[in-house]
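1. Return atomic coordinates for the entry below.
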Amino acid sequence: MHTVRTREARPSRTLGQALSEGTVLLDGGLSNQLEAQGCDLSDALWSAGLLSDEPRQIEAAHGAYARVGAQVLITASYQATFEGFARRGIGRARAAELMAGSVELARRAGAATGRESWVAASVGPYGAMLADGSEYRGRYGMTVRELVRFHRPRVETLAAAEPDVLALETVPDIDEAEALLRAVQELDVPVWLSYSVEGDRTRAGQPLAEAFGLAAGIDQVVAVGVNCCDPADADRAVEVAAAATGKPVVVYPNSGEEWDADGRDWTGRSTFEAGRVRHWRNAGARLVGGCCRVGPSEIEALGARLRTPTA
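-> Residues are numbered from 1 along each chain as shown. Coordinates of the predicted model:
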């Protein structure tokens, strides 16, 4: 796939400007939409494998969210790493091309609606590359310096593709958050930092106020918050993120179902409700959406609530 830059598709405002003016709607889980389209995501690369095999399916999945009103589309690069692609026999040059292509696929899908939209290049944690569920535990036995070395080449590659923002997402602990912030600090691109949490702590067990506070004085960080967590845990986390940083809060929990890493399946029932957005917005959320198992219909309902003044 050749990447063709589409300058005319770029939004007139930065995402940071948009967040200062109101609440912006994120998309939902890319993987569940791809599965709804009949895609097989059993590969260790997850949705990133389709960047090579079926890129049009990724663009179609982005389009499904854009058509129901999602203003920010998160790329299929969450599990895209040079190491992961190498295990599939894909060399560095081709891997870099695929990562850059993930930005263009989202850009085209957003442009097709004719509405203002932004592209967030997904940067998943180290554990996502391992494909064993360890991103929900963190504490990999690596130093911050080692994590910086892992993340820097791909964040540089994604930044060069000119997304509107880098989404440092599903971060399980403070060490990895520090590494990610170091890896991006010399790049001329805004970022958001989003932890995966459990209760009132990071997945690794650290207090949320401390975790969010890491980004408090960094201008490059345009939003701080949580994703891929239980919706109930997101409620409190929004308040803590706002208080700890004074920044706009990003919140996009999963459906409330739980991922079984051994069985590679979701269990439980959905507790995601569009009505939660009222609390989130009142608490400081300015970038809201859904993560795993939250589909276009839920995002459409969330958008409808955002358009209601008393949502």
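
2. so where's the longest helix in this structure?
-> helix 92-111 (DSSP state H).

3. Summarise which helices and strands it is packed against.
-> helix 50-53, helix 55-67, strand 72-74, helix 82-87, strand 118-123, helix 144-160 (3 or more Cβ pairs under 8 Å, 6 or more residues apart in numbering; DSSP states H and E). For glycine as for every other residue, the C-beta is placed from the backbone atoms N, C-alpha and C.

4. Would you format the ones you listed as a markdown table with mean pLDDT included?
-> Shown next, in a markdown table, are the helices and strands packed on helix 92-111 (pLDDT from 0 to 100):
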| stretch | mean pLDDT |
| --- | --- |
| helix 50-53 | 92 |
| helix 55-67 | 98 |
| strand 72-74 | 98 |
| helix 82-87 | 94 |
| strand 118-123 | 98 |
| helix 144-160 | 97 |
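
5. Turn those into CSV, including mean neighbour count and distance to E135.
-> Listed next are those as CSV, based on neighbours: other Cβ atoms under 10 Å; distance: least, Cβ to Cβ, whole Å:
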stretch, mean neighbour count, distance to E135
helix 50-53, 21, 19
helix 55-67, 21, 21
strand 72-74, 28, 16
helix 82-87, 17, 13
strand 118-123, 27, 12
helix 144-160, 18, 12
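
6. and those as CSV, adding distance to R305?
-> Below are the helices and strands packed on helix 92-111 laid out as CSV (distance: least, Cβ to Cβ, whole Å):
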stretch, distance to R305
helix 50-53, 31
helix 55-67, 16
strand 72-74, 17
helix 82-87, 37
strand 118-123, 20
helix 144-160, 31
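
7. So for A167, which of the ones you listed sits nearest?
-> strand 118-123 (4.2 Å; Cβ to Cβ).

8. by contact count, what packs against that closest one?
-> The contact analysis (3+ Cβ pairs under 8 Å, 6+ apart) places strand 118-123 against helix 15-21, strand 72-74, helix 92-111, helix 144-160, strand 165-171.

9. where in this structure is pLDDT low?
-> Scanning the chain for pLDDT under 70 picks out 1-9, 259-264, 309-311.

10. what's the burial count for A243?
-> 15 (other Cβ atoms under 10 Å).

11. on that earlier part again, okay, the helices and strands packed on strand 118-123 in a markdown table with distance to A44 next?
-> Listed next are those as a markdown table, based on distance: least, Cβ to Cβ, whole Å:
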| stretch | distance to A44 |
| --- | --- |
| helix 15-21 | 31 |
| strand 72-74 | 20 |
| helix 92-111 | 14 |
| helix 144-160 | 16 |
| strand 165-171 | 17 |
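
12. about what we covered before: what comes up buried for the longest helix of the chain?
-> 95-111 (16 or more other Cβ atoms under 10 Å).

13. how near is the residue nearest to A64 when sequence neighbours are not counted to E162?
-> Closest residue to A64 apart from its sequence neighbours, by Cβ to Cβ, 6 or more residues apart in numbering: P296 at 4.9 Å. Using Cβ to Cβ, to the nearest Å, P296 is found at 26 Å from E162.

14. Those two: which has the busier surroundings?
-> Between P296 and E162, counted using other Cβ under 10 Å, the more crowded position is P296 (23 against 17).
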